[in-house]
Each structure stands twice: as structure tokens, then as C-alpha cells.
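> Predicted model follows, preceded by the sequence.
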Amino acid sequence: MTQPLVDVVGLQTHFPVRKGLLRRTVGAVRAVDGVSFSIQTGRTLGLVGESGCGKTTVGRSILRLVEPTGGGVRFDGRDVRATSGAELRGLRRRMQIVFQDPYGSLNPRLKVRAILEEGLIIHRLGSAAERLERMTRALARTGLTAAALDRYPHEFSGGQRQRIAIARAIVIEPDFLVLDEPISALDVSIQAQVVNLLIELREQLGLTYLFISHDLSVVEYVSDDVAVMYLGRIVEQAPAARLYAEPLHPYTLALFSAVLSVDPVRRRRRIILTGDVPSPASPPAGCRFHPRCPLAEQVCRQADPPATLLDGHAVHCHVAAREVERAGGDAAAAAGRMAEFMAAAASPG
Amino acid sequence: MTAAFGSSMPLLEIDNLVTTFHTPGGRVPAVDGVSLSIERGRTLGLVGESGCGKSVTAMSILRLVAAPGVIEAGRIILSPAGGLSRAGGLSRAGGSVDLVTLPESQLQEVRGGRIGMIFQEPMTSLNPVLTIGDQIAEAVLLHRKVSREAARARSLEMLKLVRMADPERRLDEYPHQLSGGMRQRVVIAMALACEPDLIIADEPTTALDVTIQAQILDLLADLRRRLGTAILLITHDLGVVAETCDDVAVMYAGRIVEQATTAELFARPRHPYTIGLLAARPEGGGHGSRAAGRLQTIPGMVPAPQHFPAGCRFHPRCAFARQPDCSAAMPELREVAPGHLVRCLYAESLGPPHCIDDLYQEIA
């Protein structure tokens, strides 16, 4: 296999919890606590999970917008955590991010020209004339015209602003984009426009994406591979088609069952999880999902489940591991059994 | 209209409602002639994108539209409390009342009494300096002549009803100590405390995670079954409607463009906007969607009320629009099948036997 563009190994990002007059560190919020994945050039990894699971922190840690506290991040073979100064700036030219809220991510006091030009100036890309050409090209790629350059963000709709944010990201011609809930703040009819735009850009520019979202349908549509996060960890990871067809982890099963469908044929029997996600400041011992898991056993309360691998499909679950072994490595059979267990455990009465 | 349920008279009937905002930029008709009826014990979904007027419609029902908004025309008839309600006092079994003209003092009794309200963001609808128990009790004390102790007992009962974990302890806690899902349970408990006939739920699960959304929708469905409360559910999410509502009305640019039972609407959508919204969803299920390559989109965006186009307000974005008819006059909302109303000149040709993909292929 060729070297992945992005390679994340055992990534940890803990935020200190300080208390008292001396602001002594009394604990840590383990937002990201041992996350590993890699993304090959031109591919898209979807990262799904509910709020507070750490998916946004993963994206920001890769770009070092927040400092990781452990583990490694390699971008195109270079250790991102070991670089600094000009070298880090060089890497960052190749990695960009698009945020969720196009109202908050664009400086309202700058014209679009200044917003787009900032990155070009910082990275010393081209003369003034060349910069204008690059900006015009980036806007055209996102479906806007050069007329946008002399207007302010407030003059645009939410969908157009997100196009500007995408233009800002691609104007310096990066290789890799972190897309952090890029469509969640948009209206339904606009979401589809932006999803199509992102897919077109990936094809035209050969971009690699980390697509972070809580919307499972959009993630399936956009991603080649999908990782499911829960409380700072990846609990299951597989090629998109495999994961959606044969989910093995109880959390993934519950998450998929909660997706509301307009198609009665596709509608699944809903598995209602009890309780809320625990605080990442004091994650439960053993499997982090066990307090909410209808299949939890004694071992789940004690031991952190290691990864069970089935060519390209990884799952962290004691019960799933046993079922995979029982099925002799037949993923479809194991997934079927897990689905039965969950349906039985979640049926009322 | 929708099939009568129980009595011949709907619980709430909105007739030609017009709610306008008078801004320095001119008159903005946010709700422009909306008629709806909600039957007792049924759930009506009101769907549309931001700015379509769905929330203003809901706020108009309780006359909570803030200045410079005014209800300029229309009637909102609330029928007398039915046999289901044991509510005392205010709901004297007199005639129907028109909420548009009802004096403010009597309206107070309707708000939170006969009609409960659930908003999108539970943190903003809860008072941060009152305990959970006090907030629910406040709603009870406002509408019932009961002692403080009885009101507190009622609060506890309501927390149990909404399946709050550890209800005795929660009674004395403050909103910030609860998670988003628990806060929304408190808001639902408050809305239900006076046994309303109708609950207006404005995007009740939009701020919540999917697994918590599943919990709350499950709870609402269960409560409706047990208490027989009618629900007006306002949402932008067609999936929420499909799984929780009996009937659905789709709004676009201040008007209802399509209305039917949920089963009928999703099986046979007839308005191009509804068809477009459904086609724009990247519905998974394990296969298929990626092969299609691109999502269907509705071009352009929702027009601002100051710039509503002439004729059908959807025609500039409509893949099926034909000139000059579609820009000539606003189409009437007409019944194209029993109980299925559509505001489109060509609704019949957009119906079955075509499926959505075929329709789009025809245009392409």
C-alpha cells in the first residue's frame, strides 16, 4: 500500500481542568483519547459521532489548531507534531479547514477579497495580479463570480457564505481539507448543493477529505471510509459500504437505527439507548460505551476492548469480537447476530 | 380536509392567517394566507425551510409574534375543551374562541393551559435561576387553584411521566445541571403539566443528538398515545415528520404548498418543492445513493418575503415550471386526491405513476 497522506496514530488531546486560586490542574477532559486512522490520497474518511465525542477536536488536532497531548500525526510522511515555524506553515498551506458555521467563520469586517487574500499573502503565493487570478479561479470553482470580491459576508446567504469559506480553503491549493460539519447549518435544499460542490472539487482538484459530521446519511454519501467515534475513541471503522451494510458495534447499530427515514422500507426498528453520554473528564472504566450498552457483560465493565479486525473492518467490542470468532470471520453472519441481539435487548417489555 | 377524528369539529382551525412584519424596508408578509386544521389527538407536521413562515404561524396561534409583527387577517378558532380534558376552571364548555380577537386576559389562560409550547433550544426556554421543580410548579400554579405542595407533587408526577431518570433529585436541581436531552424532557413536562389539548412543538429535537432525538420522539409519541394530546410539530426535517406525524403540511414562502396525510405525501408527493426536498436527501440504507453520483438539488434559494416572485412563488426554482402560466397567477391550493391538497397547476402530471427519479430523468 502506498504511504497515506494523513496518518494518525494513538492521537490524544486532553484539556486540563483547572480549579482554585492557583488554577492547579485537577484533572483532564480526555476529548480525544487514542485515535488512529489513515487516509490515502484522494480518499474521504467520514468521522461520525454525537456532540462531545471528540470528532471536531480530532480535526483541529491534525492541523494543530489545538495542540495534541500525545500520539502522532504524519502528513505526507512528515511528523506534524515535530514541526514548527516555517516548516509548520509549509504543511498548513497543504491542509485547510472549513468550519460549520459560515456566519461565525468569516470576519464580518473584511470584504471577501481580504478574506481570500489573507492566506495567499501569509504563504507568499504570487504577485498581486496572480493573487487576483487565483481568487477569481477559486470563486469560480465554488460557483461565485469575481463580483463577490468587493462585497462583505453579510451580503450573502448562508449557502453562499459556505461557498466563500470553501473558496478560502482551496485558494491556496491545498491537498487536504478538514470539513467540520460543513453543511449542518444550512437549509435542506442548500445542503445538497454544497455536498455536490464538495464532491466536484474533490474530483477536479484531487483533494483528500476528513469529513466530520453527525449526519450519517450525508457521511455515507460522501465518504469512502467511515469511522464512528464515541467518547474520545473510534469504536468502529470500515469502508462506507461495509459499515452501513454490516455494522458490528452496538453503538453504531443504535446510531443507525436512530436515523429517521422518509422511506418506510428503509426505516429500521429504533433502538433507544438509555441515558446520556458520560463526561469525557471521567470516562467509564472498561468499554466506554458499557453504561449505555444493552449488551454489556462483566468483561465490558473491566477491560477496554481491543480492535477486532476483519479485512478492513475494525470494531472495538467484546461481544462483537466473540460473534466474529463464532462466525468464523464471516462478517455478514456476525453483523446479523449483533443486530438480533440489539433488537431483542431494545424491544420494550 | 383531513378525516374527522372523534368530533366533527377540529380542535384548532386556522383560517386564512396573514401575519406581517412592518419593517423600515417595507411590509414583509411572513405568513400569507395560511389555512390549517388540527384534529383532536392527531399530530400535524408543518415543514419548510428557514424563513418559510412555519414558526411565525405557530407564534401567531398564541399571539406571541413580537413587534413589528402583526396578525393582519384571519381567524384561529380553538374549539371548546373536549371530553378528553379534565382541565377545570377556564375551559368552560362554552363555544369556540377566536384566538386572534380573544382578550389578553383570557389568552393567558390558553397559553400553557389549553395549549402547551415546546421550543427548539431548551436552555433558553428554562429559567436558569429557578429549580426544575419550581419551574414546573409555576406553570401549574398559574393555571390551577392548588397549594404549593400539590403543585410540587404535580411537578414530580410530570417528571416521572416524561421518564426523567432520578426524578426526586432533579426536582431541586437547576437547568445547567442537566444534559440537553434532560432539559428537553423538563420543557415537555412543563408543557404537559396542565393537560393541554394541543402542544405546539417548534423544532423540539433539532438541537439534540440523534440518539437523544430518538428518545424524545419516542417519548412524544408515547405521551400522545396515553394522553390524547394533539401535536403541531414544526420542523425542517422530513425524516422527523415521516416517523411521527399523521398529517403534514409543507410551507414555502409564507404559503402552504402541499398538504396530505403523511403516508400519502411521502408515497405520492405532488408539489415540485416537496418532490425536490425529498430528492435532495442523501438517504442511505447501504447502497445505491453513491452510484447516482450527485444529489438532486433545488437551484437558487428561498426568496426573501420582500422579493416574492409573481405567480407561483416557487416557479423561479422549479424544474417543472412552464411559462407563462406559472408566473401569471398564484395557483390555488386544490384537492387533487381525497384529502391531498396541492398548490400547483400541474400537480396531476407530477403524481403517480412516476417516481421522483423518472421525473428528473424526463427533464434531463
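Received it, and whenever you're ready, just let me know what you need. Numbers count the residues shown, from 1 in each chain, chains lettered A, B, ... in the order given.

> only C-alpha atoms for contact and neighbour calcs from this point on.
OK.

> For residue A:21, give me the pLDDT.
Listed pLDDT for residue A:21 reads 79.

> where does it sit relative to residue A:168, distance-wise?
Distance from residue A:21 to residue A:168, counting by CA to CA, to the nearest Å: 42 Å.

> Tell me which of these two has more neighbours.
Taking other CA atoms under 10 Å in any protein chain shown, residue A:21 and residue A:168 do not tie; residue A:168 has more neighbours (26 against 6).

> residues in chain B within reach of chain A, list them.
For chain B, the contact set with chain A under CA under 8 Å from any CA of the partner chain comprises B:49-50, B:165, B:179, B:181, B:209-215, B:236, B:238-240, B:242-243, B:266, B:276-277, B:280-287, B:289-290, B:294-299, B:301.

> measure the residue lying closest to residue B:132 once chain neighbours are set aside to residue B:220 for me?
Once flanking residues are discounted, residue B:132 sits nearest to residue B:171: 5.2 Å by CA to CA, 6 or more residues apart in numbering or on different chains. Residue B:171 sits 21 Å away from residue B:220 when distances are taken as CA to CA.

> would you list every one of the helices in the chain?
Picking chain A for this. All helices of chain A, identified by DSSP state H, fall at A:55-62, A:85-94, A:112-122, A:128-141, A:158-170, A:188-205, A:216-222, A:240-245, A:250-257, A:298-302, A:318-326, A:331-346.

> wrong one, chain B
Going by DSSP H, chain B shows helices at B:54-61, B:104-110, B:122-125, B:132-143, B:148-161, B:167-170, B:180-192, B:210-227, B:238-244, B:262-267, B:272-279, B:325-328, B:347-350, B:356-363.

> what are the phi and psi values for the residue nearest to residue B:132?
As for residue B:171, its main-chain torsions (degrees, to the nearest 10) stand at phi -50, psi -40.

> quick one: low-confidence ranges for chain B?
In the predicted model, chain B carries pLDDT under 70 at residues B:1-8, B:82-94, B:284-293, B:351-364.

> Centroid-nearest residue for it?
Against the mean C-alpha coordinate of chain B, by CA atoms, centre = their mean, the closest residue is residue B:234 at 2.6 Å.

> who's that one bridged to?
On the basis of DSSP bridges, residue B:234 is bridged to residue B:46, residue B:202.

> Now do it against chain A, distance only.
15 Å (CA to the nearest CA, to the nearest Å).

> pretty sure that residue is in contact with residue B:43, am I right?
No. Using CA atoms under 8 Å, residue B:234 is not in contact with residue B:43; the gap is 10.4 Å.

> shared neighbours of these two, anything?
Listed contacts common to residue B:234 and residue B:43 are nil; contacts here mean CA atoms under 8 Å, 6 or more residues apart in numbering or on different chains.

> Using CSV, list the CA coordinates for stretch A:282-290.
Extracted C-alpha coordinates of stretch A:282-290, given in CSV (Å, rounded to 0.1, in the frame of the first residue of the first chain):
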residue,chain,number,x,y,z
SER,A,282,-14.2,10.9,33.8
PRO,A,283,-14.8,8.2,31.2
PRO,A,284,-16.1,4.9,32.5
ALA,A,285,-13.7,2.0,33.0
GLY,A,286,-13.6,-0.8,30.6
CYS,A,287,-15.5,-0.2,27.4
ARG,A,288,-16.6,3.4,27.4
PHE,A,289,-20.0,2.5,25.9
HIS,A,290,-20.8,-0.1,28.5
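
> can that stretch be found next to chain B?
No. Applying CA under 8 Å from any CA, one finds stretch A:282-290 separated from chain B by no less than 13.2 Å.

> what does that stretch contact?
Under CA under 8 Å, 6+ apart, the answer for stretch A:282-290 is A:29, A:230-231, A:251, A:278, A:291, A:296, A:299-305, A:317.

> ok, residue B:247 - contacts?
Here residue B:247 is in contact with B:2, B:42, B:43, B:44, B:45, B:259, B:260, B:261, B:262 (criterion: CA under 8 Å, 6+ apart).

> hmm, who's touching stretch A:332-349?
A:246-250, A:253, A:269, A:271-272, A:294-295, A:320, A:323-324, A:326-327.

> do the same with stretch A:102-110
So stretch A:102-110 is contacted by A:99, A:115, A:152, A:153, A:154, A:158, A:161, A:162, A:165, A:185 (CA under 8 Å, 6+ apart).
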